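> what shape does this take:
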Amino acid sequence: MKAKVTIREVAKAAGVAIGTASRALNRTGRVSEQAIAAVTKAARDLGYTPDAVAQSMRTRSTGVVGLLVSDLANPLYARIITAVESRLLTAGYALLVASTHNDGQREKTLVDLFRRRRVDGLILGPCQEETPAYLDQLAAHGPVIALDRDFQGDNAGVHVDHCHGALQATRYLLNLGHTRIALLTPGSVLRPGRERIVGYRDAFAERGLQPDPKLIRAEKSAMDFAFSEALSLLGSPAAPTAFLCLGTRILSGVLQALRHSGRLAPDDVSVISIGDTDLSQLFSPAITSLTWDLEAVGTAVAELLLRRLDRTVPLEQERILLTTQMVLRESCGPVAKAATGVVAARKTTRTAP
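Prediction:
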């Protein structure tokens, strides 16, 4: 096995002192551009790889960032994480990703594990919104960035304007004549769920109306919850004529309930998905969706963290708010088309997952 190239050999090949070679590679201290170029070339030619552990001890940086989300099975997170990873990689950082599985105790265990691994910073989109004391404790070990969560106190974060998005979607359905609009959300404790319920209610308030509270169902995000709740609503005497599905799994459950009850969108019931995924696009009819730039969310989160890691930049509270857009497809129609009572089951070639 070929012996590992040392910093001494790099310095000799570059014609500089060992200390100069070390500073040039670590970008620390005062080193001329000429020396940096010579050392970089020598390291590349010799195949020199710095010792990550030793480098970490010198710089007090591991070059690793931790990212914690509530559920990696959510396809929206995949695109955000990809964007975060790409931006961090260009800055020389690796990304360590974990999921809480919507378990508060697991979340605490993972955060503690990240700290023991001495990650340089944390991006948190957890299953609960943390207290100031806990966040201050985390911030003592490095910057903490909120991913679409409202953390109390002075904390930086990137958020989506879910309130305005739900307002847009509900307005659209109200303009079509719907007033019995069911809203199914994976909870009202975290910021996205809370904001969407506010936007939904605001749209009704604009018209001097109040939504039926029985049509707001906020529970776990499991598909079987959405299926059972939607089926129950569709079987009631005053069934909803439209559904707002706040999440991919909820959309899937609602579509199954429509098929099970013999209803079609948009003939009998209008459907809007909050979050645009392959299911929304490939289902027939294609589902009208509320979407936002997931890549922009990931890039903004990474940029915000990098600014905090750059100790030459003043640490100010930054809260970035990104907008949503409606993608109009084929799943919504006027309330005149929608069923107001029980619809007899009928055969259809349309399928839900």
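> angles on the backbone of the most centrally placed residue in the chain, please.
With distances taken as C-alpha atoms, centre = their mean, Tyr77 lies nearest the centre of the chain, 4.6 Å away. Dihedral pair for Tyr77: phi -70, psi -30, per degrees, to the nearest 10.
> residues in contact with it?
Applying C-beta atoms under 8 Å, 6 or more residues apart in numbering, we find Tyr77 in contact with Val69, Asp71, Gly125. Bear in mind the C-beta positions are built from the backbone N, C-alpha and C, glycine included.
> how close does it sit to Ile197?
For Tyr77, the distance to Ile197 equals 22 Å [C-beta to C-beta, to the nearest Å].
> pLDDT score assigned to the residue nearest to the centre of the chain?
Tyr77 is assigned a pLDDT of 89 by the prediction.
> now the strands: where do they sit in the stretch 51-200 of the chain?
When assigned using DSSP state E, counting those that start in this stretch, the strands of the stretch 51-200 of the chain occupy the ranges 64-69, 94-99, 121-125, 144-147, 156-160, 181-185.
> quick one, grab the pLDDT at the residue nearest to Val198 when sequence neighbours are not counted.
Distance criterion C-beta to C-beta, 6 or more residues apart in numbering; nearest residue to Val198, sequence neighbours excluded, is Cys163 at 5.1 Å. In this model, Cys163 is scored at 95, pLDDT.
> got the contact list for Cys163?
Glu195, Arg196, Val198, Gly199, Asp202 are the contacts of Cys163 under C-beta under 8 Å, 6+ apart.
> mind checking which helix or strand of this protein has the lowest mean pLDDT?
Sorting the helices and strands of the chain by mean pLDDT, DSSP states H and E puts helix 52-59 at the bottom, at a mean of 49.
> returning to what we had before: let me have the strands of the stretch 51-200 of the chain in TSV, adding mean pLDDT and distance to Asp268 as columns.
Shown next, in TSV, are the strands of the stretch 51-200 of the chain (pLDDT from 0 to 100; distance: least, C-beta to C-beta, whole Å):
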stretch	mean pLDDT	distance to Asp268
strand 64-69	92	36
strand 94-99	92	37
strand 121-125	89	36
strand 144-147	89	37
strand 156-160	90	31
strand 181-185	94	13
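> let me have those strands in JSON lines, extended by distance to Thr49.
Shown next, in JSON lines, are the strands of the stretch 51-200 of the chain (distance: least, C-beta to C-beta, whole Å):
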{"stretch": "strand 64-69", "distance to Thr49": "17"}
{"stretch": "strand 94-99", "distance to Thr49": "15"}
{"stretch": "strand 121-125", "distance to Thr49": "24"}
{"stretch": "strand 144-147", "distance to Thr49": "30"}
{"stretch": "strand 156-160", "distance to Thr49": "34"}
{"stretch": "strand 181-185", "distance to Thr49": "49"}
